[in-house]
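**Student:** Mind folding the following:
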Amino acid sequence: MAALVPFPINLDFSTEISTKELLGKGKPKLYGRDYALRKKANEAFKDMQTDASREGINLYIVSGYRSFKTQQHIWNKKYKSYRKRGLTPRQCIEEITRYSTIPGTSRHHWGTEIDLIDTAVDLPKNVLHPKHYTQNGVFCPLKEWMQKNAHNYGYTLVYTNNPERTGFNYEPWHYSYKELSINYLQKFLELDLANQLQNENIKGSSNLTATFLNKYRQNYLLGIHPRLIP
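**Tutor:** Numbers count the residues shown, from 1 in each chain. Modelled structure (predicted):
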C-alpha cells in the first residue's frame with residue numbers, strides 16, 4: 001500500500017474561494033475520468049483506487065462534482081414527485097432533505113466529495129442505498145476497506161451512523177477530501193443563504209426562510225463528521 005501513515009493535512013483558511021464556487025455556479029478546473037474533482041482530491045483518490053484494487057476492490061465514483069444546475073434539477077424533480085403524492089410543501093422539503101441538499105448548499109458543489117461503489121461485484125439496482133453497505137450487502141467489503149484506509153489518503157466519511165448526529169441520513173458511500181473541503185465549509189458558513197437563494201428557481205422556496213435556513217445550516221450542513229468541521 002502506498003500510504004502507510006495518515007495523510008498530512010495542511011489547512012489554509014486564507015485560501016480565496018469565490019461565492020460562485022461555493023454555490024456550484026463557478027467554473028473550477030476539475031480532473032478525472034467519468035467524474036470531476038479538484039486536482040488534489042483527484043490525485044489522492046487515484047492513489048486510493050490503485051491500492052484498493054490490489055485487494056480486489058474497484059473503487060468507482062458515481063458522483064463527484066455537481067453544479068448548482070444539476071442539484072436544482074434533482075431537487076425540483078423530487079419536489080414535483082412528492083407534491084403529486086399529496087405531500088405539503090413542508091413535507092416535500094422534509095422528505096427531500098433526508099438525503100438531498102437544497103441547491104447551492106451541496107458539498108458536491110466544491111469538487112471535494114465522492115460517492116463510492118465497488119464495480120468488482122454485481123451491481124444492484126439503486127446502488128446508493130445503505131442496505132448494500134451493511135450486514136451482507138454487496139458493498140460491505142468496500143465499506144470495511146474505506147473504514148480502515150480512507151484517512152490515509154485524506155478522505156473522511158461525511159454522514160456517519162452516529163445516532164446523536166443531526167441532519168441528513170447515514171450515507172456510507174459519501175467521503176470528503178478534508179484538506180480542501182474544510183476550507184470550503186469555513187467560507188460557506190459565512191454566506192447569507194437566504195439572500196443568495198432568494199431569486200433562484202427552487203421548488204418550495206417560499207418555505208426556505210431565513211429562520212428555516214439557519215436551522216438547516218446548523219442541523220444539516222453541520223451534521224457531519226466532527227473532523228470535517230472547521
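
**Student:** Contact partners for the residue of the chain positioned farthest from its centre?
**Tutor:** In the chain, the greatest distance from the average C-alpha position (C-alpha atoms, centre = their mean) is reached by G86, at 28.8 Å. Listed by C-beta atoms under 8 Å, 6 or more residues apart in numbering, G86 has no contact partners. Quick note: C-beta positions are derived from backbone N, CA and C, even for glycine.

**Student:** doesn't it fall inside a helix?
**Tutor:** No: assigned with DSSP: H, G, I helix; E, B strand; the rest coil, G86 falls outside any helix and is coil.

**Student:** That one and E95, how far apart?
**Tutor:** 12 Å (C-beta to C-beta, to the nearest Å).

**Student:** With I202 instead?
**Tutor:** Per C-beta to C-beta, I202 is found 15 Å from E95.

**Student:** who has more neighbours, those two?
**Tutor:** I202 (19 against 16; other C-beta atoms under 10 Å).

**Student:** For that one, give me its contacts.
**Tutor:** 72, 75-76, 102-103, 208.

**Student:** of those residues, buried ones?
**Tutor:** 72, 75-76, 102-103, 208 (16 or more other C-beta atoms under 10 Å).

**Student:** Now, the residues you listed that are in helices?
**Tutor:** Mapping these onto helices (DSSP state H) picks out 72, 75-76.

**Student:** Would you format the residues you listed as TSV with distance to H129 included?
**Tutor:** TSV is the format used below for these (distance: C-beta to C-beta, whole Å):
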residue	distance to H129
Q72	24
W75	20
N76	22
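
**Student:** now, which of the residues you listed sits nearest N195?
**Tutor:** Q72 (17.4 Å; C-beta to C-beta).

**Student:** what's the nearest residue to that closest one if we skip its chain neighbours?
**Tutor:** Distance criterion C-beta to C-beta, 6 or more residues apart in numbering; nearest residue to Q72, sequence neighbours excluded, is P103 at 4.1 Å.

**Student:** Tell me how far the one you found lies from S205.
**Tutor:** In terms of C-beta to C-beta, P103 sits 10 Å off from S205.

**Student:** between these two, what contacts are shared?
**Tutor:** L197.

**Student:** Run through the helices of the protein in chain order.
**Tutor:** 19-23, 39-53, 68-84, 89-96, 140-149, 178-188, 193-197, 210-216.

**Student:** so which of these gets nearest E164?
**Tutor:** Nearest of the helices of the chain (C-beta to C-beta): helix 210-216, 17.4 Å.

**Student:** The closest one - contacts with which helices or strands?
**Tutor:** If you count contacts as 3 or more C-beta pairs under 8 Å, 6 or more residues apart in numbering; DSSP states H and E, helix 210-216 packs onto helix 193-197.

**Student:** export the helix it packs on as PDB, just CAs?
**Tutor:** Extracted in PDB, the C-alpha atoms of helix 193-197 (Å, rounded to 0.1, in the frame of the first residue of the first chain):
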ATOM      1  CA  LEU A 193     -28.000  31.800   2.400                       C
ATOM      2  CA  ALA A 194     -31.400  33.500   2.400                       C
ATOM      3  CA  ASN A 195     -30.000  36.300   0.300                       C
ATOM      4  CA  GLN A 196     -28.100  34.000  -2.100                       C
ATOM      5  CA  LEU A 197     -31.100  31.700  -2.800                       C
END
